[in-house]
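Enquirer: 3D model of this:
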Amino acid sequence: MPHHQQQQQQQQQQSAQTAAASSGDGIGNMTYEQREQLRELFDTIDRTGRGFIPTSKLADILKHLGLGKPSREVLEGWVSNIDPAGTGKMDYGRLEHFISLRYDEVDQKQEIMNAFKLFKPDAKDVESARITLADLQRISTHLGEHIPDDELREMIHIADIGETGSVDFADFTRVMRKTGLF
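Expert: Numbers count the residues shown, from 1 in each chain. Sure thing, here's the model as predicted:
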């Protein structure tokens, strides 16, 4: 077997072992399939088998994995975190750690969306929906709690950064993160 194929096989075995040994500490919570997809993508870019790929490929990797297209400023910040020495390249371990954090962010956003939908169950697009006084009254009644309207209005006022009289998804997300629930 050629040296390159042996090296690639060893890297794949290490990736599988890393996936199996994932500690679940909030970092490295990628599924086995996500790790395999990332490894295959890394190896496709690293045709020479040197173990490094250009940081300039990060945006393409994110897009390929369905993790969105960040702004140029955000991407530059991420690259500087992955490659603090500014070498212009990254190894698989750094990339995997970074991608794992991105998957965690996506999972967290989905959880926050699900929580938001408890208040707006019929919302087709949570990004444009708004939680109103009527929504809080409905939830309060559903839970068998009697919360006076002035207290519900105060809840909206505290969360409503734009002073619109309602809580949009960005407001809701900020409150959820601030409370430590997400």
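Enquirer: pLDDT weak spots in this protein?
Expert: 1-28, 182 (pLDDT under 70).
Enquirer: go again using 80 as the cut-off
Expert: Applying pLDDT under 80 to the chain flags the ranges 1-29, 180-182.
Enquirer: which is the succeeding secondary structure element to the longest helix seen in it?
Expert: Counting residues, the longest helix found in the chain (DSSP state H) is helix 92-119. Next helix or strand after helix 92-119 toward the C-terminus (DSSP states H and E): strand 130-131.
Enquirer: and the contacts of the following helix or strand past that following strand?
Expert: Per DSSP H and E, the first helix or strand lying C-terminal to strand 130-131 is helix 133-142. With contact meaning Cβ atoms under 8 Å, 6 or more residues apart in numbering, helix 133-142 is reached by 118, 119, 120, 146, 147, 149, 152, 153, 155, 156, 165, 166. (Each C-beta comes from the backbone N, C-alpha and C, glycine too.)
Enquirer: in CSV: the residues you listed, plus distance to residue 130 and neighbour count.
Expert: Below are the contacts of helix 133-142 laid out as CSV (distance: Cβ to Cβ, whole Å; neighbours: other Cβ atoms under 10 Å):
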residue, distance to residue 130, neighbour count
118, 14, 11
119, 10, 18
120, 8, 18
146, 24, 7
147, 19, 14
149, 17, 11
152, 14, 18
153, 14, 14
155, 14, 16
156, 10, 19
165, 9, 12
166, 4, 18
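Enquirer: restricted to helices, list these.
Expert: Per DSSP H, the subset of the contacts of helix 133-142 in helices is 118, 119, 149, 152, 153, 155, 156.
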